[in-house]
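> coordinates for the following, if possible.
(2 chains)
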Amino acid sequence: MTLHEDHAVSIGSTDGAGPMVPVIHRVVAATADLDDTTTLTVRPVDNALPRPQPGQFNMLWLPGIGEVPISLAGLDGDDLVHTIRNVGAVTDALCSLQVGDFLGVRGPFGAGWNLARARGRDVLVVAGGLGIVPLGPLVDELISDRANFGQVSVVIGNRSPDTLLYPERVKSWAESLEVEVTVDVASPDWTGHVGVVTELLTAVNTDPANQIAFVCGPEVMMRFAAEAVIDRGTPAENVLVSLERNMHCAIGHCGRCQLGPMFICKDGPVLPWSRVDPVLKARSR
Amino acid sequence: MTRVVDTAGLDEIVRLLRAAGRTVIAPTVRDGTIVPAEIESGAELPIGWTEDQNGGYYRLAATDTPERFAFSSPSDSWKRYLHPPRTLLVRTRSTEAGIDVELPDPSAPSVALFGVRSCDLAAMHVLDQVFLDDAATDPGYAARRADAFIVAAGCAHPGNTCFCASMQTGPTPNAGYDLAVAELYDNGQHRFLIDSGSDRGANLLAEVDSRPATEADTAAAAAAHDNAVQHMGRTLSPSDPPAAAAHTDHPRWDDVAERCLACGNCTMVCPTCFCSSTQDSSGLIPGEAERWRVWDSCFTADFSSVHGGPVRSTTRSRYRQWLLHKLVTWHDQFGMSGCVGCGRCITACPVGIDLTAEIAALARSGSESGEAPNTTNATVT
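Numbering: from 1, shown residues only, chains lettered A, B, ... in the order given. Model (predicted):
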């Protein structure tokens, strides 16, 4: 056994560490977004991982506790930003991290949104609940590269007004883009839409025939959203969704994220609806 | 150039492999079955033993001959020697200053896998596609695979559950070995035809007393091959898997789910099932922890769990995932079938579910048997 003096061992590194060895990062910012949701900004202790693209994910790891796939919420300079919802033992521990704490990161993994293919076209972004997290850096990129896209509309569905993630960021998006927010359950002071996201998809100003739709949310929401967008005339291959499975390795070795012919970890998580729909139609695939 | 050795020559190969520092893993009789395990000499091969296999059934039987390879294939596969059931990934120590990551010793114990059937050689080629992927290579697997000296053994005794001829993976090995042995026992003449498939194989063979094969020897081996092809206990038609794949709501899935115990035995004995989980644990010493990769099975509820529950919540959906992955979507992922026709899943199934029968039934009937058209709009739950 050799004890590595270096804290960080990067993926595919020349020391033969292999793709299952996490690279140690330190928490430089931790913000509680909601009661059950925290955003961590993490910085490599030593060597940095390759720069991730919007829509890709990292594996976040705590020794002795576990590792989970978490999509990229953004980059702060060279720091990685991840927003994590507390839904189990590992995410609970991750949400409890404080500035200065250490964690392991592997990544980046999978196919991202690939915004380049939307260049010159209209863009429709549909986010449901936590689905806003991987779409956030995509919207940021759309704004910074605004001239290269046609009409851009962002539709956000959420449980309730007070559980909307990134409220200030969403407000700033609305300064340059068409942004519509709807909630399932309104509070007394809510003056916006109430209902499911699909109801707003008929009202947005993008051209269905000439748009790329980026959709992320609960699987059932993505089905209804994708079908609504396709009904309006967008080809299924231009509707991109991001799927969630419980990857353990993220490199196609553990087999846990298989969906029909696909490994969600490497063929996805972002996939065109045309590939996903036939497989998901067979129940419990 | 095929050489011929006698039983002493075969034993000498085992001795030379051990003398070279290799642990020799070979079929041997243990606990009432033939399994691949360490042997110290050729005397520990299953001399005079064969077996009777069928759905959920395995019994050793005596052959009353001195044959070493009169059985079909060992009841367990060789998978564990390349993709171990438990693999330490990292050991860590958390301190104020960070997390020290300690990697396990990458050097693998040198092994020789002796007596590998053609189906199992094909299975190693299948596993290579998973773990030697250019984009993400498993360094441990790569080291073990490169090191392992492989002595293949052509199969002249296929069992009731065998169908390698259907899968075009056997019964005679044609690539992927250092040495390949064909045992011939006729009219009291006992000999082994040996081909080398690598330089290290040829070098080892050169150290053993042997004679060139005669035409009669090679003709006898060819006849044994033809005879084995004719005596496969099962068949699997290549047109069945794609036909079955179109029937995702076939009533036969409910039927097989009634019988399947979701025990996962099939996935453990399968030479190509590669799925695993990664487990983190902490010990009694504060700050020290380990990560292990352990074999897992798509038949467990946990395997497909995301927060909120398993994606595949029923035995029906899990059996379907296993069967259609093995026989259909494996082609999409790796350009080949995930099944090599070894038949172990049939033998190891406590209730004798036979994938060749299931896939044939699923391919055959379909809508004629009253299958509802697939109009469901439901997503995974």
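
> hey, let's count contacts and neighbours off CA atoms from now on
Will do.

> next, the nearest residue to residue A:86 once chain neighbours are set aside: secondary structure please.
Excluding the flanking residues, the one nearest residue A:86 by Cα to Cα, 6 or more residues apart in numbering or on different chains is residue A:92, at 4.8 Å. The three-state label given to residue A:92 by DSSP: H, G, I helix; E, B strand; the rest coil is helix.

> can you give me the neighbour number for residue A:92?
By other Cα atoms under 10 Å in any protein chain shown, 16 other residues sit near residue A:92.

> likewise for residue B:255?
Residues near residue B:255, counting by other Cα under 10 Å, number 12.

> next: the one 3 residues further on.
Here the count is done by other Cα under 10 Å, and residue B:258 has 11 residues near it.

> and if you look at residue B:320?
Residue B:320 has 23 nearby residues by other Cα under 10 Å.

> likewise the one 4 residues further on?
Under the neighbour criterion other Cα under 10 Å, residue B:324 is assigned a count of 21.

> that one and chain A, how far apart?
From residue B:324 across to chain A, the span is 8 Å (Cα to the nearest Cα, to the nearest Å).

> which strand is the longest one in chain B?
Using DSSP state E to define each element, chain B has its longest strand at strand B:86-95.

> for that strand, packing partners?
Counting by 3 or more Cα pairs under 8 Å, 6 or more residues apart in numbering or on different chains; DSSP states H and E, the packing neighbours recorded for strand B:86-95 are strand B:98-103, strand B:288-295.

> let's see 10 Å
Secondary-structure packing of strand B:86-95 (3 or more Cα pairs under 10 Å, 6 or more residues apart in numbering or on different chains; DSSP states H and E): strand A:2-3, strand A:102-109, strand B:98-103, helix B:139-147, strand B:276-282, strand B:288-295.

> quick revisit: thought residue A:84 was touching the residue nearest to residue A:86, still the case?
Yes - taking Cα atoms under 10 Å as the definition, residue A:92 is a contact partner of residue A:84 at 8.9 Å.

> between these two, which contacts overlap?
A:36-38 (Cα atoms under 10 Å, 6 or more residues apart in numbering or on different chains).

> for ChimeraX, what selects the buried ones among these?
For the buried members of the shared contacts of residue A:92 and residue A:84, the matching ChimeraX selection, counting by 16 or more other Cα atoms under 10 Å in any protein chain shown, is:
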select /A:37,38
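
> would you turn the shared contacts of residue A:92 and residue A:84 into JSON lines with secondary structure?
Putting these into JSON lines (three-state DSSP) gives the following:
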{"residue": "A:36", "secondary structure": "coil"}
{"residue": "A:37", "secondary structure": "strand"}
{"residue": "A:38", "secondary structure": "strand"}
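
> returning to that earlier point: and the residue nearest to residue A:86, what does it touch?
Counting by Cα under 10 Å, 6+ apart, residue A:92 makes contact with A:36-38, A:84-86.

> tell me the one among these nearest to residue B:301.
Within the contacts of residue A:92, the smallest distance to residue B:301 is 21.4 Å, found for residue A:86 (Cα to Cα).

> residue A:33 is in contact with the closest one, correct?
No - contact between residue A:86 and residue A:33 fails when scored by Cα under 10 Å: they sit 11.5 Å apart.

> residue A:246 against residue B:308, yeah?
No - between residue A:246 and residue B:308 there is no contact, the gap being 11.4 Å when judged by Cα under 10 Å.
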